[in-house]
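S.K.: Structure for the following, please:
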Amino acid sequence: MVRLLVSEGMSAQRYTAEITFPLLWKSVIRRKKTILVSAMMGACLAFAGSRLLPLQYMSEGTLLALPSQGSSSGAAASGAAKATSSKAGVIRAPGLLRQVVTNLHLDTANGLQPTLRLPAFIATALTYAGNELHRMIGTGDPALSAVDRTVRLVAKHLQVESEEGSDVLAVRFYAAQPQVAAAVANGVMEAYVRTTEAGRQQHLKAIAAATAQQAAENQQEIAQLEQKIAQFVQDHNMSEVQNSLTAALALEKYQDQLAQAREDLAHKQAALDTLSDDNLSGAEEVLDSKTIQKLKETRANLIELLSKLAPTDSRRVNIRNGLTGINTQIESETKLVHTALIRAFAMAKGKVQALTAAVAQPSNAAQLSTGEGSALKLMQASLEGKRALNTDFATHAEQMRLAVEQAPGARILFAAPLPEQPVHSYGVLSILLGFAVGMVGSAMMIVTRAVTHPKISTGQDMIAATGLPVVGCLPDLLKTSPKATPIVDETLRAVWLTLRASGRAERGTSVLVTSSEIGEGKTTIALATARRMAMDGSRVLLIDADLRRKHLSTTVKPDAAQPLEKVLSGEVALAEAVNGHYGVDCLLAAGSYPNPVSLILSDRFANLVENSRAQYDFVLLDSPPVLRVADALLIASLCEHVLYVVQADRLPGAVVEEATRRFAGTDRDKLLGLVVRADSRNLTLGDYYGGYRSFGLY
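M.R.: Now for the predicted structure:
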């Protein structure tokens, strides 16, 4: 409910209302049709707007990046996450994206940036206006070229994702056209593969250069030691040395053969270490096997065929069986290669052992027992140590080279396909969102209106808004249930009893029935009140004083009646013009008089009202609304009472107050308020019988 506070002012009465949640909720419920229409309009507008939103197509490809370095420590998970992040960073690097933009000519291509789906002439006009605005005021960074701006745009719409610790990356790209989305996604993956392969080749070249430089330095040191030993033997000219010269020559020959054998053994050792049980397929010997490569090609073709078949295709079972057989053959061939490599390693190792034994005999013969011989022996031991270090270095360098060569490189697993549907169409979502926004928006407007402009709902509201006495508060007479009919009849009886109370016994009472606006039910109330008076034994004349719309005449629908205009002109008498309607005499108007104000101000109209009071107990005049024309203000001076009808929940109290203030001071004292079409849930017994209590009749 609303608590109304009346405050007296110098010129008019004002009121304020404390709005509570139940009142606001009722205001919303009463206008549920308006809210529903607003929600439907919002849904239609939102759907129409969604048809203008830009479309985006997404194409996704799968890329196998360079493998991450394993870690056995507790920080393996964080290391894998960093490796994945670095791979994504390489793919999104400006340099790589610049290659894609240049190769695909994206800086001059269309379909990259999503735009509004406007008609062609509108889009052209907006583009022209945007270019002119850019030319006049300039936007963005003028130092950036078209390629640089396109690189930034590609980076904005490019997504690279991967599961933690995985080397498989999903590369997605969003564009306005499906062809552009697929082309850019594939172009990015191809550029990454080319870049990583170029990096691996550069790494191999760096390893080869470093190995060659270190090997040259080692050979130089070995040559210097050999020269030092030869110079030592020549300087001392010992007979033992001379006698062991032949043994020394034989030793040098065997040592050269031993060095070659050890180098071959290092190569075999590196190959055998690389060819482990966990990576048999990546060894160089396996890659060189034509049989294994043919089996792998066949397997790849079967896998591709399997991916194209439907999950329920019966051929999938035969293809899987074929794949199992091929995998078995590949494994068998790989083991044969492994066995052959083990045999070759054993033979190289035996050769090294045999040459080592052959070197030992002449070496012992070449040893001297003198002090000079001991020094020579030390120098020869240093030489052998240098040669052993050189052999170990060659072994490790070969292992590093083989590891880089045989490591799996980056490759495209699945190319990005041409997308068939856009990512979002916003159809259903826009309808739901527009419906919700329309509903909430209209409800908020109704609530705001109810808070800022509270409307009259009950008799108490009418009293607070205007300060006028209220004779009653009625529901909608056209929708009154039979149960409420007696209460309505008593309220109407209270109205005419209130009107009669201040009247003079020797003459009838004249009552003007009016309202603030059209459609508030004043004609219905005038007719219902006249009927109630007639049924209670009073003589009643109901005059249609609305000379503009003749609404009462349309409601009564007389068969044949002389209009009010002829009575005022003197063509017919009052008794000949009235028309009976449920015990009520009605004087109806034709509604065709050119100047109603002049007719109301004439003495003939005043005489008609005065003469009617001599013949009837009550004379009711149904006039136009106050806020439309001035007819009611003029007729009020001819009447003793003005029954002011206000429709509940239609007009704000400030509007009704303003309408009642238009009456002259003496005429305003004649006003009696009557609230109609009120919600029965808001009415109390006091509202129905307000007229009785206001004038102390009961």
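
S.K.: At which residues are the helices of the stretch 301-450 of the chain located?
M.R.: For the stretch 301-450 of the chain, applying DSSP state H, counting those that start in this stretch gives helices covering 315-366, 371-406, 427-452.

S.K.: Turn these into CSV, including mean pLDDT.
M.R.: Shown next, in CSV, are the helices of the stretch 301-450 of the chain (pLDDT from 0 to 100):
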stretch, mean pLDDT
helix 315-366, 76
helix 371-406, 77
helix 427-452, 84
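
S.K.: Indicate which one of these is closest to Phe414.
M.R.: helix 315-366 (18.2 Å; Cβ to Cβ). Every C-beta, even on glycine, is put in place using the N, C-alpha and C of the backbone.

S.K.: the inter-axis angle of that closest one versus helix 371-406?
M.R.: Interaxial angle, helix 315-366 versus helix 371-406 (axes from the mean of the first three to the mean of the last three Cα atoms, to 10 degrees): 170 degrees.

S.K.: Looking at the helices of the stretch 301-450 of the chain, which is nearest to Ala109?
M.R.: Closest among the helices of the stretch 301-450 of the chain, using Cβ to Cβ: helix 427-452, at 28.6 Å.

S.K.: Output the contacting helices and strands for that closest one.
M.R.: In terms of contacts (3 or more Cβ pairs under 8 Å, 6 or more residues apart in numbering; DSSP states H and E), helix 427-452 is packed against helix 21-30, helix 32-50.

S.K.: For Pro625, grab the count of nearby residues.
M.R.: Pro625 has 19 neighbouring residues, counting by other Cβ atoms under 10 Å.

S.K.: isn't it right next to Ser515, touching?
M.R.: Yes. Between Pro625 and Ser515 there is a contact at 5.0 Å, judged by Cβ atoms under 8 Å.

S.K.: okay, and the common contacts of those two?
M.R.: Lys522 (Cβ atoms under 8 Å, 6 or more residues apart in numbering).

S.K.: Any chance of the helices of the stretch 301-450 of the chain in JSON lines with mean neighbour count as columns?
M.R.: Converted to JSON lines, those look like this (neighbours: other Cβ atoms under 10 Å):
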{"stretch": "helix 315-366", "mean neighbour count": "14"}
{"stretch": "helix 371-406", "mean neighbour count": "16"}
{"stretch": "helix 427-452", "mean neighbour count": "16"}
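
S.K.: mind giving me TSV with these and columns for distance to Val567?
M.R.: Output for the helices of the stretch 301-450 of the chain, formatted as TSV (distance: least, Cβ to Cβ, whole Å):
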stretch	distance to Val567
helix 315-366	101
helix 371-406	119
helix 427-452	45
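
S.K.: circling back to that earlier point, quick one: the helices and strands packed on helix 427-452 as CSV, columns for mean pLDDT, distance to Ala416 and mean neighbour count too.
M.R.: Converted to CSV, the helices and strands packed on helix 427-452 look like this (pLDDT from 0 to 100; distance: least, Cβ to Cβ, whole Å; neighbours: other Cβ atoms under 10 Å):
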stretch, mean pLDDT, distance to Ala416, mean neighbour count
helix 21-30, 72, 52, 15
helix 32-50, 87, 27, 16
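
S.K.: Just the mean pLDDT for stretch 668-681, thanks.
M.R.: What stretch 668-681 shows for mean pLDDT is 85.

S.K.: Output it as CSV, nothing but the C-alphas.
M.R.: Taking Å, rounded to 0.1, in the frame of the first residue of the first chain, the C-alpha atoms of stretch 668-681 are listed here in CSV:
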residue,chain,number,x,y,z
ARG,A,668,-14.1,23.8,-6.6
ASP,A,669,-16.0,23.6,-3.3
LYS,A,670,-18.7,21.7,-5.2
LEU,A,671,-16.3,18.9,-6.2
LEU,A,672,-16.9,15.4,-4.8
GLY,A,673,-14.4,12.7,-5.8
LEU,A,674,-15.3,9.2,-7.0
VAL,A,675,-12.6,6.6,-7.7
VAL,A,676,-13.7,4.0,-10.3
ARG,A,677,-12.2,0.8,-11.8
ALA,A,678,-10.1,0.3,-8.7
ASP,A,679,-8.5,-3.1,-8.0
SER,A,680,-10.8,-4.9,-5.6
ARG,A,681,-7.7,-6.2,-3.8
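
S.K.: tell me which residues of that stretch are tucked away?
M.R.: For stretch 668-681, the neighbour count (16 or more other Cβ atoms under 10 Å) marks Arg668, Lys670, Leu671, Leu672, Gly673, Leu674, Val675, Val676, Arg677, Ala678 as buried.

S.K.: Please flag which of the residues you listed sit within strands.
M.R.: Judged by DSSP state E, strands contain the following of the buried residues of stretch 668-681: Leu671, Leu672, Gly673, Leu674, Val675, Val676.

S.K.: Surely the fifth one is in contact with Tyr644?
M.R.: So that's Val675. No. In this structure Val675 lies outside contact range of Tyr644 using Cβ under 8 Å: 9.8 Å.

S.K.: Name the residues contacting each of these two.
M.R.: Residues touching both Val675 and Tyr644 (Cβ under 8 Å, 6+ apart): none.

S.K.: Can you give me the buried ones in stretch 168-186?
M.R.: Across stretch 168-186, burial judged by 16+ other Cβ under 10 Å covers 169-178, 180-186.

S.K.: for that stretch, what is the average pLDDT?
M.R.: pLDDT averaged over stretch 168-186 gives 90.

S.K.: Please enumerate the strands of this structure.
M.R.: 3-8, 13-18, 57-64, 158-161, 168-175, 411-414, 470-473, 509-515, 540-544, 579-581, 584-587, 618-622, 641-647, 671-676.

S.K.: now the ones you listed as TSV including distance to Met533?
M.R.: Below are the strands of the chain laid out as TSV (distance: least, Cβ to Cβ, whole Å):
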stretch	distance to Met533
strand 3-8	32
strand 13-18	31
strand 57-64	79
strand 158-161	83
strand 168-175	79
strand 411-414	92
strand 470-473	14
strand 509-515	10
strand 540-544	5
strand 579-581	13
strand 584-587	8
strand 618-622	5
strand 641-647	12
strand 671-676	15
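
S.K.: what's the most buried one of the ones you listed?
M.R.: strand 618-622 (a mean of 28; mean count of other Cβ atoms under 10 Å).

S.K.: average model confidence for it?
M.R.: Average pLDDT, strand 618-622: 93.

S.K.: how close does the residue lying closest to Thr660 once chain neighbours are set aside get to Lys349?
M.R.: Leaving aside its chain neighbours, Thr660 sits nearest to Thr466 (5.0 Å; criterion: Cβ to Cβ, 6 or more residues apart in numbering). The span separating Thr466 from Lys349 equals 119 Å under the rule Cβ to Cβ, to the nearest Å.

S.K.: Kindly report the same for Leu643.
M.R.: Separation of Leu643 from Lys349 (Cβ to Cβ) stands at 127 Å.
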